[in-house]
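K.L.:
Need coordinates for the following:
(2 chains)
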Number of protein chains: 2
Amino acid sequence: MNLYFAPHTCALATHIALEEAGATYSLTRLNFAANDQRKPEYLAVNPKGRVPALATARGVLTETPAMLAYVAQSFPAARLAPLDDPFAFARVQAFNSYLCSTVHVAHAHRMRGYRWVDAGDAAAIAAMQRKVPQSVREAFDLVERDLAPGGWVMGGTYTICDPYLFTLAQWLEADGVDPAALPKIADHRARMAERPAVKRAIAAELAPA
Amino acid sequence: MNLYFAPHTCALATHIALEEAGATYSLTRLNFAANDQRKPEYLAVNPKGRVPALATARGVLTETPAMLAYVAQSFPAARLAPLDDPFAFARVQAFNSYLCSTVHVAHAHRMRGYRWVDAGDAAAIAAMQRKVPQSVREAFDLVERDLAPGGWVMGGTYTICDPYLFTLAQWLEADGVDPAALPKIADHRARMAERPAVKRAIAAELAPA
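P.N.:
Numbers count the residues shown, from 1 in each chain, chains lettered A, B, ... in the order given. Just a heads-up that it's a prediction; the model follows:
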């Protein structure tokens, strides 16, 4: 497998999951500053022009919730999801889908507003950016509400929800949200940062090219 | 099981899947005009204040991609997803995640722009609405590109991707996209509309209260 990623993106979630699973994989780093993600060679891998993408022997996968579940299912010994319990698995998937479609989308209005208004409309772009601290905070408030103190997203068991929450929570300060207002998420982030798999993934992403 | 829904929302996807699965379930219709989704009795079911939500004996599920996979896993005889093949299942999930986080989000900027800018900022709300025909069209273009003519989303086999695509494709005209520009999706929509499960779900959603 090969993971296409760029530093400081949601690709980190899948990267951590691969490390937690003990997977054998390689990495391809894209340079967003050089617009690598829009170049023909990458569009041939992922026509969406975004990261992450996971190349496997059978083809390319995209979309973080799908990739995370794929890692969990491909490495069942790592016990990264409740694979034999459809309801428990659906709770994992609902959490990750919410991160993808609500939390990440709220965040994306700070840097990627041109997806939803004309790039030249500076007033509308700025209007989106002003809303981000509120919309991101409200999206995380729902997560904070349900998070078990000192636990993992699904309670006592570490799952593929945890690296994804950790990844998006890395962006709180830049989005204008004080992590101190989300104490359980802040504590989760601190505990995640101590995990060897997380340290390895971050070190690999930030290593000199 | 009980499905909380409102007509003309993405709840239709799960509703169709329940019909295709032959599930026994009840329906609770929310009236968005009366703001039912923000009332305390519904927030006790789904604190997100949105539809759909699926109440099960073990608790409430939300997020369409998670609910669709749950229906497929709970009714394996209906063969609504490739449950024993992690890669094929991940492709299903990637498709549904894309509909949720990209296609539906592009659409939502027409009617729900207040999620991402202040509701009183009429110029920014209008700027979002102007972009919808382009952003929705571009999101569907990627689906159109990969859709097999005359087939289902995953090729020859009907899956939980099909009711979800059908549901979101219902909104093309209102979003300012001509379905004739997406001929394979338009054909898919027409074939879906003929399925008995689809007819039953739509009739139930539009029946007098």
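K.L.:
show me what contacts residue A:104?
P.N.:
For residue A:104, the contacting residues are A:10, A:168, B:101, by C-beta atoms under 8 Å, 6 or more residues apart in numbering or on different chains. Placement of C-beta: from N, CA and C, glycine included.
K.L.:
Tell me how chain A divides into domains.
P.N.:
A:2-78+A:198-206, A:86-195 (automatic domain parsing).
K.L.:
could you dump those to TSV with mean pLDDT?
P.N.:
Output for these, formatted as TSV (pLDDT from 0 to 100):
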stretch	mean pLDDT
domain A:2-78+A:198-206	97
domain A:86-195	98
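K.L.:
got those domains as a markdown table, with distance to residue B:196 columns?
P.N.:
Below are these laid out as a markdown table (distance: least, C-beta to C-beta, whole Å):
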| stretch | distance to residue B:196 |
| --- | --- |
| domain A:2-78+A:198-206 | 30 |
| domain A:86-195 | 25 |
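K.L.:
Can you tell me the element residue A:143 falls in?
P.N.:
Per DSSP states H and E, residue A:143 falls inside helix A:122-146.
K.L.:
For that helix, what is the distance to the chain centroid?
P.N.:
Distance of helix A:122-146 from its chain centroid, counting by C-alpha atoms, centre = their mean, to the nearest Å, is 17 Å.
K.L.:
repeat for stretch A:108-125
P.N.:
With C-alpha atoms, centre = their mean as the basis, stretch A:108-125 stands 21 Å off its chain's centre.
K.L.:
outside of that stretch, which residues touch it?
P.N.:
A:128-129, A:131-132, A:135, A:174-175, B:106, B:109, B:116-117, B:123-124, B:127-128, B:130-131, B:135.
K.L.:
related to what we said a few turns ago, okay, the angle between the helix holding residue A:143 and helix B:122-146?
P.N.:
Helix A:122-146 and helix B:122-146 are oriented at 80 degrees to each other (axes from the mean of the first three to the mean of the last three C-alpha atoms, to 10 degrees).
K.L.:
Just list what the following helix or strand past helix A:122-146 packs against, helices and strands only.
P.N.:
Next along the chain after helix A:122-146, taking DSSP H and E as the criterion, comes helix A:161-169. Applying 3 or more C-beta pairs under 8 Å, 6 or more residues apart in numbering or on different chains; DSSP states H and E, one finds that helix A:161-169 makes contact with helix A:11-21, helix A:64-74, helix A:86-98, helix A:183-193.
K.L.:
For residue A:65, which non-adjacent residue is spatially closest?
P.N.:
Excluding its sequence neighbours, the residue lying closest to residue A:65 (C-beta to C-beta, 6 or more residues apart in numbering or on different chains) is residue A:96, at 4.1 Å.
K.L.:
Repeat that for residue A:80.
P.N.:
The shortest distance from residue A:80 to any non-neighbouring residue, by C-beta to C-beta, 6+ apart, is to residue A:72 (4.0 Å).
K.L.:
Could you check how many residues crowd around the one you found?
P.N.:
23 (other C-beta atoms under 10 Å in any protein chain shown).
K.L.:
likewise residue A:35?
P.N.:
Using other C-beta under 10 Å, residue A:35 has 11 other residues around it.
K.L.:
Over to it: give its phi and psi.
P.N.:
phi 60, psi 30 (degrees, to the nearest 10).
K.L.:
Can you name the residues that contact the residue nearest to residue A:80?
P.N.:
Neighbouring residues of residue A:72 by C-beta under 8 Å, 6+ apart: A:17, A:21, A:78, A:80, A:81, A:83, A:159, A:160.
K.L.:
and the fifth one, that's in a helix?
P.N.:
No - inclusion of residue A:81 in a helix is not indicated when DSSP: H, G, I helix; E, B strand; the rest coil is applied; the result is coil.
K.L.:
Surely it is in contact with residue A:89?
P.N.:
Yes - here residue A:81 reaches residue A:89: they are 6.1 Å apart, a contact under C-beta atoms under 8 Å.
K.L.:
Mind checking which of these two has more residues around it?
P.N.:
Shown here are residue A:81 and residue A:89; by other C-beta under 10 Å, residue A:81 has more neighbours (24 against 21).
K.L.:
For the more buried one, give me its contacts.
P.N.:
Residue A:81 makes contacts with A:69, A:72, A:73, A:89, A:92, A:159, A:160, as judged by C-beta under 8 Å, 6+ apart.
K.L.:
Widest-spaced pair of those residues?
P.N.:
Within these, A:73 and A:159 form the most distant pair, 12.4 Å apart (C-beta to C-beta).
K.L.:
Those two - which one has more neighbours?
P.N.:
Neighbours were counted for residue A:73 and for residue A:159 using other C-beta under 10 Å; residue A:159 has more, 25 against 19.
K.L.:
who are the neighbours in contact with the more buried one?
P.N.:
By C-beta under 8 Å, 6+ apart, residue A:159 lies in contact with A:72, A:80, A:81, A:82, A:92, A:152, A:153.
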